[in-house]
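In: Any chance you could fold what I've pasted below:
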Amino acid sequence: MGERSLVSKQSQSGEGGSGLSVVVAGGGTAGHIEPALAVADAIRDLDPTARITALGTHRGLETTIVPERGYDLRLIPPVPLPRKLGVELAKTPWRVARSVSATRKVFADVNADVVIGFGGYVALPAYMAARSYIRGGHRVPVILHEANASAGIANKVGAKLADKVFAAVPGSGLADATVVGIPVRGAITHLDRAESRAAARTFFGLDQDAPTLLVFGGSQGAQRLNEAVAPAANALGAAGIGVLHAYGPKNTIEPVSPPGAPPYVGVSYLNRMDLAYAAADLVMCRSGAMTVAEISATGLPAVYVPLPHGNGEQRLNAVPAEQAGGAIIVDDSLVTAEWVGREIPALITDTDRLASMNAATATLGHRDAALAVATAALESAAAHRGRNRT
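Out: Okay, here's the model as predicted:
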């Protein structure tokens, strides 16, 4: 499939050549999309005349999230990176070439001045296209951000092509990376949980006074968490605990709370994560890099259940929060309905411990990462525009 555009209601004030043109590449999962859009928001704040274009594919959540956030989305052919030998791996060079060609067409259409990549299968074609897209005798500069504790393939390749490399934490595997934390949108970094709590609980239909557990497993939910928490609804309700549970659009849950218990509210997807965080006293979730960054920015105590697959990056993401005393890490295999029914009430009703975890978590958040990446991108874009005018 060739590139096409999903144009939002946003006025692209950079059109007509009056503003710098910035392309952000971070499609696929929320862990790639949210940092990209946080940086896009920061760019828009710094330079309202900038034209911002997001790259994505028809497979990713970006087809919904990006237009909803007010940005122009251009779709390119996806480039999955198989980890095993076989037919799919043999097709990869052709897929890369096709996607890079489509990406160059996007760059030409929007007169790109800089590309900001966040890893994943959208970023790799963007990095490669930037190296071969020449305007005025100069290639388009590349800014790269790595959110995970261990860099993925796309960013390992991209780091060799990038003009500036940022990382969330030290030791990501990218040489000479500037550590800035993870870009988090302003609705999260500026969230006043105490001030927003009543409105947030009203929004979700939660009890105003009950200690409240927020459960989610990423944009698609987490079956393991669903199977452990929903069956524990009776024990949680008996302990006077309210629950807000995002179970995923492809999943279902059937919690049964005792009569008179605080509401157990199940939703397929959380469109207002800021209000979800404001409503909660404790979070139980996976530990993707973006999730840990947002929770740290809000100062919420957390129970992290790292996904037991991949190269262990989810556990690595959660370790700093656990070491600081703001979270606990529980192995996926240990999380059962019995565990939840026993351990969560003991933790969430221990106000002194929660207060201590809250204070510890608040020391971890990076609130200026989006600004740092946005500033570097605009500086590179301005330099590129200036070179093309000389």
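
In: Identify the residues contacting M284.
Out: For M284, the residues meeting the contact criterion (C-beta atoms under 8 Å, 6 or more residues apart in numbering) are 213-215, 225, 229, 302-303, 305, 340, 344. No exception for glycine: its C-beta is placed from N, CA and C like everyone else's.

In: what residue ranges in the stretch 101-250 of the chain score low on pLDDT?
Out: Per-residue confidence of the stretch 101-250 of the chain (counting by pLDDT under 70) places the weak regions at 218-221.

In: Just the helices from it, written as ranges.
Out: In the stretch 101-250 of the chain, the segments counted as helices under DSSP state H, counting those that start in this stretch are 123-132, 153-159, 186-189, 193-204, 223-229, 233-238.

In: who touches S196 in this structure?
Out: Residues near S196 by C-beta under 8 Å, 6+ apart: 274-275, 278.

In: hang on, I meant E254
Out: Contact criterion C-beta under 8 Å, 6+ apart gives A230 as the residues in contact with E254.

In: Quick check: pLDDT value at it.
Out: According to the per-residue confidence, E254 scores 93 in pLDDT.

In: Please identify the deepest-packed of the helices of the stretch 101-250 of the chain.
Out: Scoring the helices of the stretch 101-250 of the chain by mean neighbour count under mean count of other C-beta atoms under 10 Å gives helix 123-132 as the most buried, with a mean of 25.

In: picking up where we left off before, can the helices of the stretch 101-250 of the chain go into JSON lines with extra columns for distance to A381?
Out: Output for the helices of the stretch 101-250 of the chain, formatted as JSON lines (distance: least, C-beta to C-beta, whole Å):
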{"stretch": "helix 123-132", "distance to A381": "12"}
{"stretch": "helix 153-159", "distance to A381": "18"}
{"stretch": "helix 186-189", "distance to A381": "21"}
{"stretch": "helix 193-204", "distance to A381": "35"}
{"stretch": "helix 223-229", "distance to A381": "41"}
{"stretch": "helix 233-238", "distance to A381": "50"}
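
In: Of all those, which one comes closest to I76?
Out: When these are compared for distance to I76 using C-beta to C-beta, the nearest one is helix 123-132, at 6.2 Å.

In: what helices or strands is that closest one leaning on?
Out: Helices and strands touching helix 123-132, by 3 or more C-beta pairs under 8 Å, 6 or more residues apart in numbering; DSSP states H and E, are strand 21-25, helix 92-110, strand 114-117, strand 138-139, strand 142-146, helix 153-159.

In: of all these, which lies closest to S296?
Out: Each of the helices and strands packed on helix 123-132 was checked against S296 via C-beta to C-beta, and the shortest separation belongs to strand 142-146, namely 16.7 Å.

In: Alpha carbons of that closest one, in PDB - could you do that?
Out: Coordinates of each C-alpha in strand 142-146 appear next as PDB, following Å, rounded to 0.1, in the frame of the first residue of the first chain:
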ATOM      1  CA  VAL A 142      17.600  13.000  12.000                       C
ATOM      2  CA  ILE A 143      16.900  13.200  15.700                       C
ATOM      3  CA  LEU A 144      16.400   9.900  17.600                       C
ATOM      4  CA  HIS A 145      14.900   9.100  20.900                       C
ATOM      5  CA  GLU A 146      15.100   5.600  22.600                       C
END
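
In: now that strand, how far from the chain's geometric center?
Out: Put simply, strand 142-146 sits 15 Å off its chain's centre (C-alpha atoms, centre = their mean, to the nearest Å).

In: residues near V319, how many?
Out: Around V319 sit 17 other residues, with neighbours defined as other C-beta atoms under 10 Å.

In: Can you tell me how far it is from L236?
Out: Noted for V319: a distance of 27 Å to L236, by C-beta to C-beta, to the nearest Å.

In: do the same with K250
Out: In this structure, K250 and L236 are 24 Å apart, going by C-beta to C-beta.
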